[in-house]
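1. please find the sequence and the predicted model below.
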Amino acid sequence: MNKLWLSLNLLVVSIMGYFAAKPIEQPENQITVCHAPVSGDMAQFANDPNFIALHPTPLAIKFVAEGESITYPTADGNTASAYIVKAKKKSDKWLFVYQEWWGLNDHIKHQADVFYNDLGGEVNVIALDMYDGKSTTNPQEAGKLMQGVVESRLENIVKGAITLAGPKAEIANVGWCFGGSWSLKSALLGGKQTIGSVMYYGMPVKDVEKLKTLNSDVLGLFATEQYISQQVIEDFAANMKTANKKLTYKVFNAVHGFSNPSNPKYDEAASKEAYGMAIGYLKEKYKL
């Protein structure tokens, strides 16, 4: 009996040791994120093959830049860079433009020029470089860049631009994807200087207490997708209502990134309608 009991004990110990030493296997379709996403933002999707598939390598574009590249100091002791098109006459009207996950590329600079011209040259338009000089056309690399950003650094880039604009500046914001999120975050950071925010398919801020501090309403231009999903949008709308803030939005029957002309999946009709809503909203804010 004692021999039988000893044998059973040895068998149990052996089995436990086997499973303790054996690594736990993840399902093949499980996505491993290399680190926690920035504030639950777009970075949480960066390793998802389906999300990456929504971002085909952008087509090259050619344009003659109307603005110039500048640098400005940030509170962390570093400098930030940006692309700026200055108003024809001295103006306290400013539009902050936020990049997609590719970085501050020629497409975003071109979009800054488009906004500048359609606002009659009466608004200073500045596209902030949120990756500190880095950009890519490779979707996997773009995901790594988006995951690698540090929230405090991004906030310092935005705050430095607010300081550059000056204490009397009236600031509206616009951005796409990663930049759509930062259009809203920038509106929060801008405090009483904020007059508007246009979000193209970006992850909303979920904290109702933060949303209560918004000094403006928000225009959301979303796509039919699983990431910034209908549920995410409806939750955002509910949170804005709880915060007693106005949200106007439309979900377009188009893919994520539909409004980027350099995207092979560009949807011209949806983009034209969305841009019409965006430029109309901004003209109203600037009283143009």
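-> Alright, I've got the coordinates.
2. can you give me the helices in this protein?
-> In order along the chain, the chain carries the following helices (DSSP state H): 2-21, 49-53, 106-118, 139-148, 151-165, 178-189, 208-211, 230-242, 268-286.
3. can you list these in CSV and add distance to residue 128 and mean neighbour count?
-> From N, CA and C alone the C-beta is placed, and that goes for glycine too. As requested, those are arranged in CSV below (distance: least, Cβ to Cβ, whole Å; neighbours: other Cβ atoms under 10 Å):
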stretch, distance to residue 128, mean neighbour count
helix 2-21, 50, 9
helix 49-53, 23, 14
helix 106-118, 10, 20
helix 139-148, 15, 19
helix 151-165, 6, 19
helix 178-189, 8, 26
helix 208-211, 20, 15
helix 230-242, 23, 15
helix 268-286, 17, 16
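4. residue 125: which of those helices is closest?
-> Each of the helices of the chain was scored for nearness to residue 125 using Cβ to Cβ, and the closest is helix 106-118 (4.4 Å).
5. which other helices and strands contact the closest one?
-> strand 79-85, strand 93-98, strand 124-128, helix 268-286 (3 or more Cβ pairs under 8 Å, 6 or more residues apart in numbering; DSSP states H and E).
6. just put those in TSV and tack on distance to residue 104 and mean pLDDT.
-> As requested, these are arranged in TSV below (distance: least, Cβ to Cβ, whole Å; pLDDT from 0 to 100):
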stretch	distance to residue 104	mean pLDDT
strand 79-85	6	98
strand 93-98	9	98
strand 124-128	6	98
helix 268-286	19	98
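7. how about those, which one is nearest residue 225?
-> helix 268-286 (12.6 Å).
8. ok, the closest residue to residue 224 other than its chain neighbours - how many residues close by?
-> Beyond its immediate neighbours in the sequence, the residue positioned closest to residue 224 (Cβ to Cβ, 6 or more residues apart in numbering) is residue 253, lying 5.4 Å away. Using other Cβ atoms under 10 Å, residue 253 has 10 neighbouring residues.
9. do the one 3 residues further on as well
-> Using other Cβ under 10 Å, residue 256 is surrounded by 24 other residues.
10. residue contacts, it?
-> Remark: with contacts taken as Cβ atoms under 8 Å, 6 or more residues apart in numbering, residue 256 is in contact with 51, 54-55, 177, 201, 223, 225, 227-228.
11. if we can go back for a sec, for residue 69, find the nearest of the helices of the chain.
-> Checking those against residue 69 by Cβ to Cβ gives helix 106-118 as the closest, at 9.0 Å.
12. got the contact list for that closest one?
-> The contact list for helix 106-118, computed with Cβ under 8 Å, 6+ apart, reads 58, 61, 63, 65-67, 83, 85, 95, 97, 99-100, 123, 125-127, 174, 179, 260-262, 279, 282.
13. next one: stretch 206-213
-> Counting by Cβ under 8 Å, 6+ apart, 40, 188, 191, 205, 235-236, 239-240, 242-245 sit against stretch 206-213.
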